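Have a look at this prediction, sequence included:
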Amino acid sequence: MTDRTAALRAWAPALGVVAIIGLALVALAVFGGRTLPDRSGPPIERLSVERTELTPGVIALTVRNTGPDPVQVAQVFVNDAYVDFTGATAPIERLDTDTLRLDYPWQAQQPYLVSMLTSTGAVITHDITAAVATPKPDGGFFALMTLLGTYVGIIPVVLGMLFLPTLRRIGQRGVRVLLAVTVGLLVFLAVDATFEGIELADRAGGAFGGAALVVLGGVLAFLALTAVDHRLRRRGQGKTDGTRLALMIAVGIGLHNLGEGLAIGSAYAVGELALGVTLVIGFTIQNTTEGLAIVTPLTERRPSLPRLLGLGVLAGAPAILGALIGGTVSNTELSAFLLGIGVGAIIQVVIQIAPALRDKTGKVLDPAVIGGIAAGLLAMYGTGLLVAA
């Protein structure tokens, strides 16, 4: 008996069960609906505004039906004034999207309340807190997002990596403390990204799972990085534990910076990003600590300059991609999912660092490590206050 034949025989019962389940689902779809009564209550109509685009004289709303029933938009009001609109000529089916283009002479920096009246008389509202023209995704826009991502991602991380020569002089106990500081930094980033992701998911209306998107992204990222780590070990790159750990930290921080770039790009697209010296300096101070976290495991190694620069780009460059996505796509579900990926990556990295925190007796949480973790948390909290984004 060949291996392929044995495998087929082993999977045959499972395939038979899958076939039975498929037939049962078809039977339920055909006959089950006829035996159940129709819903007696009114239609449940929900629309979630996924994107607001403002151009001279036009407000364009991309809406998604997040409810169970089709929604037909009959009339639209802006600040209680009836406006003409195009789009959504047919009912919007569940999870489908459509774009409403409202003819309205809006004024910059003014608040507007958009009220959508459905065919059943339900009113769905959307607030525009301060109207601002949506930037066009042209060459200048992409150049600006690339520059922002470089300022808040690559440059601060590389600057933080310059501490490597100093770290080599502090001894093993000092390295343990700095690794504990790294854990504190990463834990703060994970908690902050979790809250931000859940907030974004709730704002999306929960059509694709709400907060579950953050959890899904986190679990998938954790599993993927775990697989990458095992592959590195098997290929022999895991022999140099410090190098492998630095690589994993850079990947985890990079996925976090992807979410950070998303927030920056989204805030710029709706006019809520305060561009200027304060933004650049704030992110530089905050993200320099990320570069320090990457090089801490390398104190006993002599990595080449290209390898160090590669780690810095790996950790910082995703901020550029995130800014481009956030400024052009502006999809809350995607943003929540990507933030969840960053959270899962950071959790996996923290687990990677934990064994290196043990002292000679095998204890992890001694006073030095506890103090380092607390210092990392406080450092991220304090530098985060400097970021006016």
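Here it is on my side, so go on. Residues are numbered from 1 along each chain as shown.

can you give me the helices in the stretch 151-300 of the chain?
Listed in chain order, the helices of the stretch 151-300 of the chain (DSSP state H, counting those that start in this stretch) span residues 155-161, 164-167, 171-203, 212-234, 241-269, 277-295.

Which among those is found nearest to residue 349?
When the helices of the stretch 151-300 of the chain are compared by CB to CB, helix 241-269 sits nearest residue 349, at 3.7 Å. From N, CA and C alone the C-beta is placed, and that goes for glycine too.

Now do that closest one, average pLDDT.
The average pLDDT for helix 241-269 rounds to 82.

buried stuff in that helix?
Across helix 241-269, burial judged by 16 or more other CB atoms under 10 Å covers 242-269.

start to end distance for stretch 159-175?
19 Å (CA to CA, to the nearest Å).

ok so, going back, looking at the helices of the stretch 151-300 of the chain, which is nearest to residue 63?
Of the helices of the stretch 151-300 of the chain, the one closest to residue 63 (CB to CB) turns out to be helix 171-203, at 13.6 Å.

Give me the three-state assignment for residue 359.
coil (DSSP: H, G, I helix; E, B strand; the rest coil).

List the residues that contact it.
Residues counted as contacts of residue 359 (CB atoms under 8 Å, 6 or more residues apart in numbering) are 176, 366.

Distance-wise, check it relative to residue 365.
As for residue 359, its distance to residue 365 is 10 Å (criterion: CB to CB, to the nearest Å).

repeat for residue 327
For residue 327, the distance to residue 365 under the criterion CB to CB works out to 42 Å.

neighbour-wise, which of those two wins?
Under the neighbour definition other CB atoms under 10 Å, residue 327 and residue 365 were set side by side, and residue 327 has more, 26 against 12.

what about that one, which SS state?
helix.

wait, isn't it in contact with residue 262?
No. In this structure residue 327 lies outside contact range of residue 262 using CB atoms under 8 Å: 9.1 Å.

so the nearest residue to residue 59 once chain neighbours are set aside, which of the three states?
Distances taken as CB to CB, 6 or more residues apart in numbering place residue 102 nearest to residue 59, at 4.3 Å, with adjacent residues excluded. With three-state DSSP as the basis, residue 102 sits in strand.

Could you do residue 43 as well?
Reduced to three states by three-state DSSP, residue 43 is coil.

separation between the closest residue to it other than its chain neighbours and residue 46?
Of all residues not flanking residue 43 in the chain, residue 69 sits nearest, at 4.3 Å (CB to CB, 6+ apart). From residue 69 across to residue 46, the span is 9 Å (CB to CB).

Can you list the buried residues in stretch 343-363?
343-350, 352-353, 356-357.

is it possible to export those residues to CSV including distance to residue 25?
Rendered in CSV, the data for these read as follows (distance: CB to CB, whole Å):
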residue, distance to residue 25
343, 34
344, 32
345, 36
346, 39
347, 36
348, 36
349, 41
350, 42
352, 42
353, 46
356, 50
357, 50
